[in-house]
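Participant: Attaching a predicted model along with its sequence, questions to come.
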Amino acid sequence: MIDTTPLANTVKALPHYPDLAKPESDGVYCYHIQRRISCIISGYCHTRGMSPNTATLIDACFAVFAAVALYFQSFILAVLFIQMFGIWSCVDGELARLSRKTSTLGDFYDTMTDRAGELIFVAGILFSFDEILSTPLWQPLLFAYIGAIFLITNSSEKYRSAYQSNYPKRRVEPLFSWFCAGSDIRLLHLSIAIVWFVASGNPFILFWLIALMTLALYINFLFRLWKVFRIDQSISR
């Protein structure tokens, strides 16, 4: 029998939740739920010598698996992959902090994986529900939704490059953080709506959820422009 006690003790000795989280920029679902799971995975993967880039690659694979599952209408499997994608989106950064191997390139690919993942999820939803939903508004709605995601995510990244710190959305946008401000909560709501559709057979649940999130995202973007102005004014004083 293999003695796993040294490994278990090593994992326990590592920094854990919430030390590996990002309280300023994490969404509420990410900080309170996903980080608790990802920190356990990160601790184990760190003891096995996994690199942050490997974790990013695994995260990208979950994104592709989820998009393919959505396209072929394997909705419950897609939801599982989407949630695994969200968890592993945390793991690569946590591994970088644990191993002290943070890099600009790694951060770049981590961010690109997150953005590309959400984009292909939307594409998978578009094609899988195109025949299920009998409304000409479906495609324009998804186009508007993708545009809203682009604005809100680009504003976060531009804030980080301009002010050299993560945008503190959980602190300054508490209401939006529960509904649309972060990819964590957006993907959670999409997952719930998909499961609801599978249980009820009503596809318009997903339609109206995306419509509400689209509206909220554009309002969130305008609110963020105002908040960044206020933050800049406080910094300049």
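Facilitator: Yes, it's here.

Participant: Can you name the next helix or strand after the lowest-mean-pLDDT helix or strand in the chain?
Facilitator: None of the helices or strands of the chain scores lower by mean pLDDT, DSSP states H and E than helix 5-13, at a mean of 48. Downstream of helix 5-13, the first helix or strand assigned by DSSP states H and E is helix 28-29.

Participant: And the next helix or strand past that following helix?
Facilitator: Following helix 28-29 toward the C-terminus (DSSP H and E): helix 35-47.

Participant: Relative to the whole chain's centre, how far out is that next one?
Facilitator: Relative to the centre of its chain, helix 35-47 is centred 17 Å away, using CA atoms, centre = their mean, to the nearest Å.

Participant: can you tell me which helix in the chain is longest?
Facilitator: As assigned by DSSP state H, the longest helix anywhere in the chain is helix 204-236.

Participant: What helices and strands are in contact with it?
Facilitator: Packing partners of helix 204-236 (3 or more CB pairs under 8 Å, 6 or more residues apart in numbering; DSSP states H and E): helix 104-129, helix 138-163, helix 174-177, helix 183-200. Every residue, glycine included, has its C-beta placed from N, CA and C.

Participant: So what touches the third one?
Facilitator: In this structure, residues lying in contact with helix 174-177 by CB atoms under 8 Å, 6 or more residues apart in numbering are Gly27, Val28, Lys169, Arg170, Ile185, Ala216, Asn220, Phe223.

Participant: Can you select the buried ones among the residues you listed for me in ChimeraX?
Facilitator: With 16 or more other CB atoms under 10 Å as the burial test, the buried ones among the contacts of helix 174-177 are selected in ChimeraX as follows:
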select :27,28,169,170,185,216,220,223
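
Participant: Looking at the contacts of helix 174-177, spot the one nearest Leu133.
Facilitator: Closest approach to Leu133 among the contacts of helix 174-177 (CB to CB): Ala216, at 20.5 Å.

Participant: What's the local residue count around the closest residue to Ile125 other than its chain neighbours?
Facilitator: In space, Ile125 comes closest to Leu70 once its chain neighbours are excluded; the distance is 5.8 Å by CB to CB, 6 or more residues apart in numbering. If you count neighbours by other CB atoms under 10 Å, Leu70 ends up with 27.

Participant: i'd like the first residue to be 175 from this point on
Facilitator: Sure, I'll start numbering at 175, so the last one becomes Leu244.

Participant: For Leu244, which residues are in contact?
Facilitator: Contacts of Leu244 (CB under 8 Å, 6+ apart): Ala252, Phe295, Gly298, Ile299, Phe301, Ser302.
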